[in-house]
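Peer 1: output the structure for:
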Amino acid sequence: MAKNYTSAPLPFMGQKRMFVKEFRKVLSNYDNDVIVDLFGGSGLLSHVAKDVKPGAKVVYNDYDDYHVRIENIEKTNNLLRDIRVIVSGLPRHKSIPENIKCRILKRIEKEAGYVDYITLSSSLLFSMKYVLNLKDMEKETLYTNIRTSDYNAAGYLDGIDIVKKDYKALYNDYKNIPNVLFLIDPPYLSTEVGTYRMSWTLTDYLDVLTVLNNKSFIYFTSNKSSIIELCNWIGSNKLSINPFSGAHKSVFNQHMNYNSHYTDIMLYK
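Peer 2: Alright, predicted model coming up:
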């Protein structure tokens with residue numbers, strides 16, 4: 001039996017693990033033949049959607065190539081095994097001495113082909129810091145946060161259709177197909193998006209709202225974006241229709257570190 005994941009198997013900034021229980025509950029109230037995850041991210045929403053609705057076609061827009069990281073998970077595990085040996089004897093969660101850091105960097109440099117720097121960052125850098133290449137990692141202080149066991153992603157994306165498209169193009173592919181549910185989890189405005197492979201402006205963020213009108217959707221945002229307040233203002237001033245009018249809402253408080261937090265919001269209609 002396939003494992004039901006409650007969090008993404010590899011690190012990913014912004015994954016919706018705190019929402020999984022509520023998302024499963026909300027999703028069970030929908031009866032859609034097709035579920036399209038426009039901003040797939042870690043694929044966690046797609047995975048849960050396929051588990052809750054096994055008969056539905058689930059389309060995961062993997063713009064960040066998360067599935068490539070999963071395909072290379074054994075290479076990542078092998079690399080982390082070697083790093084564990086290098087740091088053996090050092091105290092956990094402490095900075096790594098420069099001579100040991102050099103050994104780690106040399107081992108990473110020797111890795112042929114693909115290197116998952118995001119996963120390495122979660123084991124070697126301070127909490128919630130990520131780099132995407134060796135040059136940037138050389139600039140950072142490394143820490144002994146190395147994961148003590150191998151990563152496992154068995155069955156995580158089974159039965160899911162993986163695509164890589166601009167979300168607007170993917171939306172256009174499915175907007176006229178009957179009985180479609182859109183999962184919409186764009187990069188949060190005013191929130192760190194450094195590991196995402198896109199630039200994200202206010203215009204881009206507002207453009208997403210155009211896919212909500214007259215569609216079934218489950219939409220994610222945060223209190224830092226003020227997007228709900230904006231839409232309420234638009235609706236009350238009769239400049240347009242508030243796309244969230246009549247939608248239900250769930251919220252969760254998120255803590256990035258000891259002095260940084262925000263509220264995640266899920267709206268569904």
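Peer 1: now the strands for the stretch 151-269 of the chain?
Peer 2: Residue ranges of the strands in the stretch 151-269 of the chain, as given by DSSP state E, counting those that start in this stretch, are 161-163, 180-184, 216-222, 248-257, 260-268.
Peer 1: from what I can see residue 163 touches residue 63, true?
Peer 2: No: counting by Cβ atoms under 8 Å, residue 163 does not reach residue 63; the two are 9.1 Å apart. From N, CA and C alone the C-beta is placed, and that goes for glycine too.
Peer 1: neighbour count for these two, which is higher?
Peer 2: Each of residue 163 and residue 63 has its neighbours counted (other Cβ atoms under 10 Å); residue 63 has more, 19 against 15.
Peer 1: any idea how far the more buried one lies from residue 162?
Peer 2: Distance of residue 63 to residue 162, computed by Cβ to Cβ, to the nearest Å: 11 Å.
Peer 1: and residue 10, by the same measure?
Peer 2: Residue 10 is 15 Å from residue 162, where distance means Cβ to Cβ.
Peer 1: give me the more crowded residue out of these two.
Peer 2: Remark: of residue 10 and residue 162, residue 10 carries more neighbours, 22 against 16, as counted by other Cβ under 10 Å.
Peer 1: the more buried one: what secondary structure?
Peer 2: coil (DSSP: H, G, I helix; E, B strand; the rest coil).
Peer 1: near residue 121, how many other residues are there?
Peer 2: Other residues within reach of residue 121, judged by other Cβ under 10 Å, total 23.
Peer 1: still on that earlier bit, worst average pLDDT in the strands of the stretch 151-269 of the chain?
Peer 2: Set side by side, the strands of the stretch 151-269 of the chain give their lowest mean pLDDT on strand 248-257, at a mean of 66.
Peer 1: residue 72 reaches residue 116, doesn't it?
Peer 2: Yes: the criterion here is Cβ under 8 Å, and residue 72 meets it with residue 116 at 6.1 Å.
Peer 1: these two: which is more packed in?
Peer 2: The residue with more neighbours, out of residue 72 and residue 116, is residue 116; 22 against 17, by other Cβ under 10 Å.
Peer 1: I'd like the distance between the more buried one and residue 149.
Peer 2: For residue 116, the distance to residue 149 - Cβ to Cβ - is 16 Å.
Peer 1: same question, residue 62
Peer 2: According to Cβ to Cβ, residue 62 stands 25 Å off from residue 149.
Peer 1: name the element the closest residue to residue 86 other than its chain neighbours belongs to?
Peer 2: Distances taken as Cβ to Cβ, 6 or more residues apart in numbering put residue 103 closest to residue 86, at 5.2 Å, once the chain neighbours are dropped. Using DSSP states H and E, residue 103 falls within helix 98-110.
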